[in-house]
Structures are given as structure tokens and as C-alpha cells.
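1. got a predicted structure here, sequence first:
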Amino acid sequence: MIAEYISNAVSSLKKKYDESNPFRLAKAMGICLIPQSMGTDENCCKGFFMVSRRIPAIVYNDDLPERIQEIIVMHEIGHAVLHRKKAEIKCFHDFEIFDSTSSNEYEANMFAADYMLEDQDVLDRLNSYQSFFEAAQKLRVPPELLDFKFKMMNMRGTFKIDSPIDTNSTFLKNVPTREIYQGGD
């Protein structure tokens, strides 16, 4: 099952690197990070993963708010872990990112959600009677990323609660390009 594979990959990386910051994690993994100005309009490129001359690299839009950059970089680390062989042939790009049927994008979203959001943090938010959307805000993530975490937790049997939204692989296409994820406690 893909959820189990992704969950095991996340656990293995967390154990090996003990790093929650996506930028430091990528560097520890030997992935070259390339910040690039790509604008902030709603159709701007957010980022992509590629392998060139056997060197893995993540190009990300540094015009975006820092929290969005973190999510994008973690999503691209998901590609590096889950889809590296495919990236050696071609890089991931907007055409695939915005394809709602792309299993690669769906899996990278699940990876990012599972890595960035701890099961216990999600459960604590829900047990404190916060709504789904309040929990997303407090966790400083788009609701769509929390939906992917719900899907992972449901597939693993951690809990069986349906999300009020049903996100597909294209959510990063429409992620706000201005800072709105300032939640926290």
C-alpha cells in the first residue's frame, strides 16, 4: 500500500536525519537547493525537483512566503525520495504538478503532509475542539495539506475521521502566494 510505503519513508528519514526544517533536511540529504525569483501571481511556478548530472536539485520560488517555501521544498523532497528514478529522466514541472490525476503529485503531497505534521499534534488540535480549519491555521498549513495528513492517518488506521474537504493533487497550484499561515500558539 502506498500510504505504508510513504509512512515508512518518512519515518526512516526522520530517524536518519532528525531534522524537521525542509531546507536543512534537503542539504543533509545532499540535495542542492536553488532559490529562484519566479513571481507571486497565482499562476507562478512554485518549484520543481530534478536530477542533472546525477546531482539532485530542488528549484523553489523564493518570492513566496517562507512557510509556503517550506511546504514546496518538503513536497519536492517527497519527489526526491519517492520518484527519483523518474526525475533522472525528466524533472517534475507545472504540467504534472497541476494534473489532478497525477499519482506522483498526490504521493508527494502525502509525503509532505506526513513529514511536516505529527500525528499527535493533529490529534491534540482536534481533541481541543478546534475545527478542521482552525487546526490547519494553528498548525500553519493550508487546509489541503491537513486533508492529506487526514488521508494518511486514515489509511494507517490512526483514526477514522473524514476531512470536510477532499483535496486532489493540484492544491499547490492554488496555494496563496502571500503570507497567511501565521497561526501557532
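-> Alright, I've got the coordinates.
2. for D41, see how far away K151 is.
-> 29 Å (CB to CB, to the nearest Å). Any C-beta I mention is one placed from the backbone N, CA and C, and that applies to glycine too.
3. these two: which has the busier surroundings?
-> Legend: neighbour count by other CB atoms under 10 Å for K151 and D41, higher for K151 (20 against 8).
4. can you pull the pLDDT of the more buried one?
-> If you check K151, the pLDDT there is 92.
5. so it is in contact with M110, correct?
-> Yes. Using CB atoms under 8 Å, K151 makes contact with M110 at a distance of 6.6 Å.
6. so after the lowest-mean-pLDDT helix or strand in the chain, what's the next helix or strand?
-> The weakest-scoring helix or strand in the chain, judged by mean pLDDT, DSSP states H and E, is helix 94-97 (a mean of 45). The first helix or strand that comes after helix 94-97 along the chain, using DSSP states H and E, is helix 103-116.
7. who's the spatially closest residue to I31 that is not a sequence neighbour bridged to?
-> Nearest residue to I31, sequence neighbours excluded (CB to CB, 6 or more residues apart in numbering): P56, at 4.7 Å. Beta bridges link P56 to V51, judged by DSSP bridges.
8. which residues does P56 contact?
-> Counting by CB atoms under 8 Å, 6 or more residues apart in numbering, P56 touches M29, G30, I31, C32, F49, M50, A80, R84, A87.
9. out of these, which are inside strands?
-> C32, F49, M50 (DSSP state E).
10. next one: phi and psi at the closest residue to E134 other than its chain neighbours?
-> Leaving aside its chain neighbours, E134 sits nearest to R125 (7.7 Å; criterion: CB to CB, 6+ apart). Backbone geometry at R125, expressed as degrees, to the nearest 10, gives phi -60, psi -40.
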